[in-house]
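# when you get a sec, could you give me coordinates for this:
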Amino acid sequence: MRMLSRAAAVLLSFALAATFALAGVAEVKKAIDRVVIPRDAAFYRDLAYVTNGHERQKLDLFIPANAANPPLIILIHGGAFRAGSKENMRPAPFLRQGYAVASINYRLSGDALWPAQIEDCKAAVRWLRAHAQEYGYDPERFGAHGTSAGGHLVAMLGTAGATKKFDVGENLDVSSRVQAVADFFGPTDFLQMDAHRIPTGQEHDPPTSPESLLIGGSIQENKEKSASANPITYVSKESPPFLIIHGDMDPLVPWHQSQLLFDALAGAGVPVTFYTVGGGGHGGFRDPNVEALIQEFFAKRLKPGGK
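You can find the predicted model right below:
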């Protein structure tokens, strides 16, 4: 276990503020939040959720102080399925709200092709549930939050929670379901991305696109495998509540991708909120409603009495 003292936290705050002095206030705050955890929170780094597994099959775990059996929020990073790290996520805001937090890595498309990524995410959920008593959080109240490629993977965790074909490896006697999903601008139906991209947006049909590299070939020439990576494929009335947030000028993942997921969830009777950030791109939102929405969503779905 690694503990971060208050003095160290203060020094890190000043160092980061100086390092990012030329960045905007929001960027500095996010950078600080990534590494400065609240005083007395426990920090467990690089826990392997697969025994003797790949170097990417590890997670960081944060437990808030003075919280008895808190809910757990699982953070999944973005990076076009080919980059990114658990260190890019922000556990501090959730810790301050009384949640335990796990930030996970998974094998990237350069390490293994689909469905390795969702297999890893499900393995991490099972490991976290199997070790809940050891670390002191509630195994029945798991939320998942991801951005971009991470948004896609949390959506898959939500809709494919009961799909056993992605459950491989260890801890198969426990569930890989989550109880709430916050999907921020994640792709869903790869095959429709180019049809709805903004004029200056990224192309997704070519074999060099992030989605094609993920599945191991051009998405339009591998439609069945593309469908297996589509969270909409697995939507049912048993899917957990969703919060979806997307900018309508996103140049990387078309806004329409989230509209498709919303329509499928709502059609199945799943509680779902879809918020569009007007003029918003691929994250970096300055809309204050975004933070309020995610805070209210997880409180309602994971805390007793929704508080």
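# just list the residues touching Tyr275, thanks.
Going by CB atoms under 8 Å, 6 or more residues apart in numbering, Tyr275 touches 243-246, 289-290, 293. The C-beta positions use only the backbone N, C-alpha and C, and glycine is treated the same way.
# give me the pLDDT for Arg39.
Arg39 is assigned 72 on the pLDDT scale.
# show the backbone phi and psi for Gly247.
Main-chain torsions, Gly247, degrees, to the nearest 10: phi -80, psi 140.
# revised request: answer the last question for Thr276.
phi -100, psi 130.
# that one: how many residues sit nearby?
Using other CB atoms under 10 Å, Thr276 has 15 other residues around it.
# same check on Val235?
Using other CB under 10 Å, Val235 is surrounded by 23 other residues.
# return the distance of it relative to Ser176.
Look at Val235 and Ser176: by CB to CB, to the nearest Å, they are 17 Å apart.
# got a list of what the closest residue to Ser218 other than its chain neighbours touches?
Leaving aside its sequence neighbours, Ser218 sits nearest to Pro207 (CB to CB, 6 or more residues apart in numbering; 4.4 Å). Pro207 makes contacts with 213, 217-218, as judged by CB under 8 Å, 6+ apart.
# okay, strands next: where are they in the stretch 1-150 of the chain?
For the stretch 1-150 of the chain, the strands defined by DSSP state E, counting those that start in this stretch occupy 42-48, 58-63, 72-76, 100-104, 142-147.
# nope, the stretch 201-307 of the chain is what I was after
Using DSSP E, counting those that start in this stretch, strands in the stretch 201-307 of the chain cover 242-247, 272-277.
# deepest-packed of those, please.
Each of these was scored by mean neighbour count; the highest is strand 242-247, a mean of 25, by mean count of other CB atoms under 10 Å.
# direction included, what does it pair against?
Sheet pairing of strand 242-247 (DSSP bridges) gives strand 180-184 (parallel), strand 272-277 (parallel).
# count of residues packed around Gly269?
If we define neighbours as other CB under 10 Å, then Gly269 has 11 of them.
# that one reaches Lys237, doesn't it?
Yes: Gly269 is within contact range of Lys237, at 5.1 Å (criterion: CB atoms under 8 Å).
# adding mean pLDDT and mean neighbour count as columns, could you present the strands of the stretch 1-150 of the chain in CSV?
CSV is the format used below for the strands of the stretch 1-150 of the chain (pLDDT from 0 to 100; neighbours: other CB atoms under 10 Å):
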stretch, mean pLDDT, mean neighbour count
strand 42-48, 96, 15
strand 58-63, 98, 22
strand 72-76, 98, 28
strand 100-104, 98, 28
strand 142-147, 98, 27
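# so which of these is nearest Phe185?
strand 142-147 (6.6 Å; CB to CB).
# quick one: closest of the strands of the stretch 1-150 of the chain to Gly283.
With CB to CB, the closest approach to Gly283 among these belongs to strand 142-147: 5.9 Å.
# quick check: angle from the closest one to strand 100-104?
50 degrees (axes from the mean of the first three to the mean of the last three CA atoms, to 10 degrees).
# use 30 as the first number for this chain going forward.
Let's use 30 as the start, then, which means that last one is strand 171-176.
# off-centre distance for strand 171-176?
For strand 171-176, the separation from the chain centroid amounts to 4 Å (computed by CA atoms, centre = their mean, to the nearest Å).
# who does that strand pair up with?
By DSSP bridges, strand 171-176 pairs with strand 101-105 (parallel), strand 209-213 (parallel).
# any chance of JSON lines for the ones you listed, columns distance to Ala141?
Output for the strands paired with strand 171-176, formatted as JSON lines (distance: least, CB to CB, whole Å):
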{"stretch": "strand 101-105", "distance to Ala141": "16"}
{"stretch": "strand 209-213", "distance to Ala141": "23"}
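# any idea how many residues pack against Ala189?
Neighbour count for Ala189, taken as other CB under 10 Å: 26.
# oh, that last question was meant for Pro317, not what I typed.
Neighbour count for Pro317, taken as other CB under 10 Å: 8.
# returning to what we had before: any chance of the strands paired with strand 271-276 in TSV, plus distance to Ala224?
As requested, the strands paired with strand 271-276 are exported to TSV (distance: least, CB to CB, whole Å):
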stretch	distance to Ala224
strand 209-213	21
strand 301-306	19
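# could these go into JSON lines alongside mean pLDDT?
Output for those, formatted as JSON lines (pLDDT from 0 to 100):
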{"stretch": "strand 209-213", "mean pLDDT": "98"}
{"stretch": "strand 301-306", "mean pLDDT": "98"}
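# which secondary element of this protein has the worst mean pLDDT?
Least confident helix or strand of the chain, by mean pLDDT, DSSP states H and E, is helix 35-48 with a mean of 42.
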